[in-house]
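# When you get a sec, could you give me coordinates for this:
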Amino acid sequence: MSAGQPSLQWRLVLRLSFLQAIFLILLAVLIVAALWATGSFISLQPEDETIDAISQSVGRSQNGALVLKETPALAARREDVPGLWFVVRDRSGATITDGNIPLAYTAIGGALDGIGQARFGSNLGGSIVPAARLQWVSSPAGEVQVLTGVDGSVSLVRILGAMGIVFFSALLPLLIVTGIATLIAAPLVVRRTFSSLDAAVARAGQIDINRQGMRLPVEDVPREILPLVDAVNEALSRLDQGYERQRRLFCHLAHEWRTPVAILQARLDGLPAGPLKERLFEDTVRLATLAEQFLDLQRLNHRFEPASINLVEIAEHVVSELAPLAIAANYEPCFIRDDEVVGILGDRAAIERAVTNLVQNAIQHGGRSGRITVQVGRATGITVTDEGSGIPREERARIFEPFHRLKGQGNGFGLGLNLVEEIVRLHGGEICVLDGPTGGAAFRLSFPIAG
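Numbers count the residues shown, from 1 in each chain. Presented below is the predicted three-dimensional model:
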């Protein structure tokens, strides 16, 4: 998986965390609003605004007497509270009054100097005393006692400040703890949920052209992902059907091809000997080889039961079978055995076809002169060498691709070497291209030696 690809797991985690944070904030706002409306959690009094404005407007003259300055804040409170009244008193007893002081509060004086703050008001006995608030506060003139009414409204700044205190002191820690818990728990939950797809991923890795009928398991797959798994299984079913139709077509064509080739070979046998007959005979052999290659490609799609075989016997048999064709093409066939027995586990017919293709390839592209050598040994496997022009190094990686042919070598269909590579791969072996002793091409087949 590329590092630049987006992670579905972390995408889900981040989106879940984001939505959870939004819901928590909305819930917190609703709770604060409800508690504030009922007075159970936070209570902002309008007289607090008035007392703050009054205290910041109190100062002293040059002789130390209390004076009242008309500040913008005090002017705003006068506008908000038309009947504003207040009494300001310091510790020495100096007093400033403003507005129509209710009669019940004119004679308080210093009787309440020892009280930090208090709230007054009464409607007992038919006598209504307006509500008032008394509080000792700091001011530019020092500590003063402010007594005023409770009318007016609370400013938006004070409301937001109070909500900020509540948010940062109570709600923000809750959001942080919840967010950390989400970032830790959510990946575990998502990973556990995705673990049900492990079986499908493992099965998908086993899908191969040689293993038809493979399907992704649907057990324990999440319902949201099940349509994707079903779509993949349906696509695999269609591919299997198309592959089976193609396989039957190739098999039919290859079998039908054999009949006219056999008839052509029989008629060639009746022609008088000569160069033309030899060339026609070689072309007929190539046609027969192509038909066999098509059939071999279909056989490789079916797994074979490995059996103990001797590479020496197989190589010797191929050399004896193709020696007449090599001699007719002006080659000298040569067989070398380094060991009497080189045993492996595999399919005899398939290995024989691989060696046959390599020898036929040497006959076709070996320059029609020199020696074609087949050497067998436990240390090297099977090596087929010719004395032709060899294979350029830049082409060696591509010659095993189907239908790939070297420049200037128009004969052939480019299937032989691909078939050899497939056979060797199915046997767990390797094929490599080397330089022959005289500069020609050398193909080496190595297999795991049977114990």
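# How many residues are close by the residue nearest to Thr193 when sequence neighbours are not counted?
Using C-beta to C-beta, 6 or more residues apart in numbering and skipping residues adjacent in sequence, the residue nearest Thr193 is Pro222, 6.6 Å away. All C-beta atoms are positioned from the backbone trio N, CA, C, and that covers glycine. Residues within reach of Pro222, counting by other C-beta atoms under 10 Å, total 11.
# any idea which helix or strand of this protein has the worst average confidence?
Here the helix or strand of the chain ranked lowest by mean pLDDT, DSSP states H and E is helix 156-166, holding a mean of 67.
# Can you give the domain ranges for the chain?
Following automatic domain parsing, one finds the domains of the chain at 8-42+159-195, 46-153, 304-446.
# most packed of those?
Mean neighbours per residue, mean count of other C-beta atoms under 10 Å, is largest over the domains of the chain for domain 304-446, with a mean of 18.
# and Pro222, that one's in a strand?
No: counting by DSSP: H, G, I helix; E, B strand; the rest coil, Pro222 is not found in a strand; it is coil.
# which residues touch it?
With contacts defined as C-beta atoms under 8 Å, 6 or more residues apart in numbering, Pro222 is in contact with 193, 196-197.
# can we see that at 10 Å?
193-194, 196-197, 229 (C-beta atoms under 10 Å, 6 or more residues apart in numbering).
# and if you look at Val342?
Val342 neighbours (C-beta under 10 Å, 6+ apart): 309-315, 376-382, 447, 449-450.
# same check, this time on Ala450
306, 308-310, 341-346.
# Quick check: chain neighbours aside, which residue is closest to it?
Leaving aside its sequence neighbours, Ala450 sits nearest to Gly343 (C-beta to C-beta, 6+ apart; 4.4 Å).
# List the residues that contact that neighbour.
308-312, 378, 447, 449-451.
# These: which two are farthest apart?
Greatest spatial distance among these (C-beta to C-beta): Val312 and Gly451, at 17.6 Å.
# where exactly do the strands run in the stretch 301-450 of the chain?
307-310, 332-337, 343-346, 371-377, 381-385, 430-435, 441-446 (DSSP state E, counting those that start in this stretch).
# quick revisit: for the domains of the chain, give me CSV that also has distance to Met214.
Below are these laid out as CSV (distance: least, C-beta to C-beta, whole Å):
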stretch, distance to Met214
domain 8-42+159-195, 21
domain 46-153, 75
domain 304-446, 18
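# among those, which gets the worst mean confidence?
Mean pLDDT across those is lowest at domain 8-42+159-195; the value there is a mean of 71.
# hang on, the earlier thing: what is the subsequent helix or strand relative to the least confident helix or strand of the chain?
Per DSSP states H and E, the first helix or strand lying C-terminal to helix 156-166 is helix 172-194.
# Spatially nearest residue to Pro140 (excluding sequence neighbours)?
Among residues not flanking Pro140 along the chain, Gly59 sits closest, at 5.0 Å (C-beta to C-beta, 6+ apart).
# what do you get for Asp151?
Using C-beta to C-beta, 6+ apart and skipping the chain neighbours, the partner closest in space to Asp151 is Val81 (4.8 Å).
# Enumerate every residue touching that neighbour.
Applying C-beta under 10 Å, 6+ apart to Val81 gives the contacts 46-47, 49-50, 53, 99, 148-153.
# from the residues you listed, which two are the most distant?
Gly99 and Ser153 (17.8 Å).
# Going by neighbour count, which residues of stretch 259-266 are buried?
Residues of stretch 259-266 classed as buried: Val261 (neighbour count, 16 or more other C-beta atoms under 10 Å).
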